[in-house]
Each structure stands twice: as structure tokens, then as C-alpha cells.
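# Got a sequence here, can you model it:
(one chain, ligands or ions: 2)
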Amino acid sequence: MTYNSEIVKKKVWAVAGGKGGTGKSVISANLGIALASLGYRVILVDADLGAPNLHTCLNIKRPSFTLNDFLTNRVPDLKSILLDTPNNNLKLISGGIELLGLANIHYQRKMKLIRHLNKLGAEFIIVDLGGGTTYNTLDFFNLSNEGILVCNPEPNARVDAYSFLKNVVWRKLSAFTRNNGVLREVINRTNYLQENRIFEVSKLLELVKNEDENCFRMMGKILNDFKPKLIMNKVRRRSQIDEGKQLVILTEEFLKVKLEYLGYIEIDQHVIDSTERMMPFVLEYPKCEASKNIFQIIKNLIGGKEEEKSFRHFKKDMRIEARQWK
Ligand SMILES: Nc1ncnc2c1ncn2[C@@H]1O[C@H](COP(=O)(O)OP(=O)(O)O)[C@@H](O)[C@H]1O
Ligand SMILES: [Mg+2]
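Residues are numbered from 1 along each chain as shown. Ligands and ions are numbered 1, 2, ... in the order given. The predicted structure is shown next:
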């Protein structure tokens, strides 16, 4: 496999969804393996501290090291717990299994983990998160400004996805208010950042603008720098692709955040079959619709020279890769 040096800057993508079962782990694993097969160096991280299962998507039954070894200080760094896969470009950090209490890791441990995740050397670091909107999940999503949100077409899933983004923005602005008196004062006065209220960033911005131009600009920058991405998964009909677009519009209007629609993945029996066999579907069924969708998503994610590749090339790369996994 050739080493692809086109991308120098490291990308960290945390993959979240409002709730469990949206397809976060399957998508993380298949994006990871596809990127590694294309020649990029990838580290997959299972940060679902409640129910880690990313290793099962990569045919690893009993990981020899897990995040537990790091979180309980048995090893000094994350490099020590990188697991090999049949592809040299792809490493896995498996989630902790034995210590269930870890879903509530302490703040300091979490910060240490985040620091070390940011230090990992690879072109792409894909961090698979648990469902829900615990502070852990929000903070891991904020590892970079480019987290990926996986949503399903059901109305409930869209509400969950929107409220996840709302909470991420809330968490970002809350961190900012700690050092900014003006915003803190406006928020205290209006109760604007209370979690259960309808949270319209546009209104909050207007209020702040009247008080302090500088603070208004800084908030604008925080919102501008945040570039979350959306994948609609388990799509059954064309109209459901558009539901993703509605989420994009809603996010722009109420949260003042640009959500980039990366693409969709159809509901596909091949995904279910390969999951049962603990194998990535892009390797088992490179021709299937879901593999085609993953290819399109990769094009949208990294562009560059992948932009010119045809699906025929991609299928060939996946078939060659699959031989190493037999
Ligand atoms: N596009 C799809 N088509 C069919 N089944 C899918 C698709 N995406 C995910 N699944 C199935 O949904 C289930 C949950 O996926 P998983 O990735 O474990 O979800 P999460 O990590 O979000 O909890 C798995 O059984 C998986 O095979
Ligand atoms: Mg999962």
C-alpha cells in the first residue's frame, strides 16, 4: 500500500449520534478501514465508555489492551495500547470493557485522555462515541471542531440529533462564559443557556451585540469555527435524504452553526450481514450500495485526489484490501 502524503494536517473526527443504534460504530469502522486502504494512516478510537464494541466491527474478539489500561495508569500513553489490524495503516484503540463505572470518568482523567488523543500521530483519528448527551460525549465531540453527527431518518432521531448539537453549542458557549463577564451577565439575566429552554443562539447574539461588540465578535468566531458534519444513515427512500437538509437549515437558523451535509447511507442488508460476521462491509461487499455511499462520503470528507477517483477504482482497492483480512 502506498503511503499517501498529500494530507499533512491531522484530522480528528469524533463520531456521535443523538442516541444508540444510529450506526456510529459501523460507520467509524468502515470509514477507518476504507481510508487506511486508500493509503492514509488512521487510528480508530472506541470512546464509547459505556458499551464499547468497535473492536467487534474489525473482527477483534478479545482486545489485548484497552482504554482501561490507560485510564487506570497501567500504561503511560495511548501509543502503548494501539492494536494492530491486518492493515499497517490502521490501528485501533479499543474501549474498556471490564470497568463499567468508567462511563463516569472523572474530569481530570477525561482531560488527560483528551490531551493524549490530540497527541496521537496519524492523518486521521476517528473517535467513536457513545449515545446520549453526557458531558463526556459533548467534550469528546469537541475534541476538534469537525465532529461527525450520525442521524437516522425517523423524526425522533432528528430531534435527538438537533438537541445533541444544541448541547454541544451550549457546552462551547458555557466554557467561554467562564472567562467572559458580559456574556455571563446576559445569560444569567435571561436564563438563555439553561438546558431545557428553547435555545436560540440568534436571540442570544442579538442581546450580546447590544451590550458588547467585542464579546459579540468572539461568540461569532466560536460559532463560525465550529464545523460539524452530518451523515444520514439507514435511509430507505429519496425523501429521507432531504430530511438531512432540513436539519442543516434548522441548525443554521437557530444555532447559527453551519452543519455540512456529508452524505447518506442507505439501509442495506449487506451492512447487517457483515456486522454479524464482525467484518467491515466495505471489505465484504465492496459493490453494495452502502459501500458506494461510504465512497461518496470519503470524497466529500477529504476531497483532494480522492475526488477524481471512480467507484470502480475504490472497489478494486477494497477487494485487494479484503485479501489481507481473510
Ligand atoms: N446502513 C445500514 N443499513 C442496515 N443496517 C445498519 C446500517 N447502519 C447500521 N446498521 C445496523 O444498525 C445496528 C447498530 O449499528 P451500530 O454502528 O452498532 O450503532 P451505534 O454505534 O450508533 O450504537 C447494527 O446492527 C448495524 O449493523
Ligand atoms: Mg456504537
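
# what stretches of the chain score poorly on pLDDT?
Counting by pLDDT under 70, the chain has low-confidence residues at 1-8, 97-104, 191-199.

# check contacts around the one residue in the chain that gets nearest to ligand 2.
Ranking the residues of the chain by distance to ligand 2 (CB to the ion) places S25 first, at 3.3 Å. For every residue, glycine as well, the C-beta is placed using N, CA and C. Applying CB atoms under 8 Å, 6 or more residues apart in numbering to S25 gives the contacts 46, 48, 53-54, 57, 128.

# 6 Å instead?
Counting by CB atoms under 6 Å, 6 or more residues apart in numbering, S25 touches 53-54, 57, 128.

# gap between the lengthiest helix in the chain and the chain center?
For the chain, the helix reaching the highest residue count under DSSP state H is reported as helix 155-177. Between the mean C-alpha location of helix 155-177 and the chain-wide mean there is a distance of 14 Å, by CA atoms, centre = their mean, to the nearest Å.

# Also stretch 257-277?
Its chain's average C-alpha position is 13 Å from that of stretch 257-277, according to CA atoms, centre = their mean.

# what about it, near ligand 2?
No - contact between stretch 257-277 and ligand 2 is absent, the nearest approach being 11.0 Å (criterion: CB under 5 Å from the ion).

# Which SSE is immediately downstream of the helix or strand that contains the residue of the chain closest to ligand 2?
Element membership of S25, judged by DSSP states H and E, is helix 24-37. Note on helix 24-37: by DSSP H and E, the next helix or strand toward the C-terminus is strand 42-47.

# So what are the sheet partners of that next one and their directions?
Paired neighbours of strand 42-47 in the sheet (DSSP bridges): strand 90-93 (parallel), strand 124-129 (parallel).

# which strands and helices sit next to the very next helix or strand once past it?
For strand 42-47, the succeeding helix or strand toward the C-terminus, using DSSP H and E, is helix 54-57. Judged by 3 or more CB pairs under 6 Å, 6 or more residues apart in numbering; DSSP states H and E, the packing partners of helix 54-57 are helix 24-37.

# ok, back up a step: only the buried members of the contacts of S25: can you turn that into a PyMOL selection?
Selecting just the buried residues from the contacts of S25 in PyMOL takes one command, with 16 or more other CB atoms under 10 Å as the test:
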select buried, resi 53+54+57+128
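
# Tell me the residues of the chain that contact ligand 2?
By the criterion of CB under 5 Å from the ion, the positions of the chain lying close to ligand 2 are 24-25.
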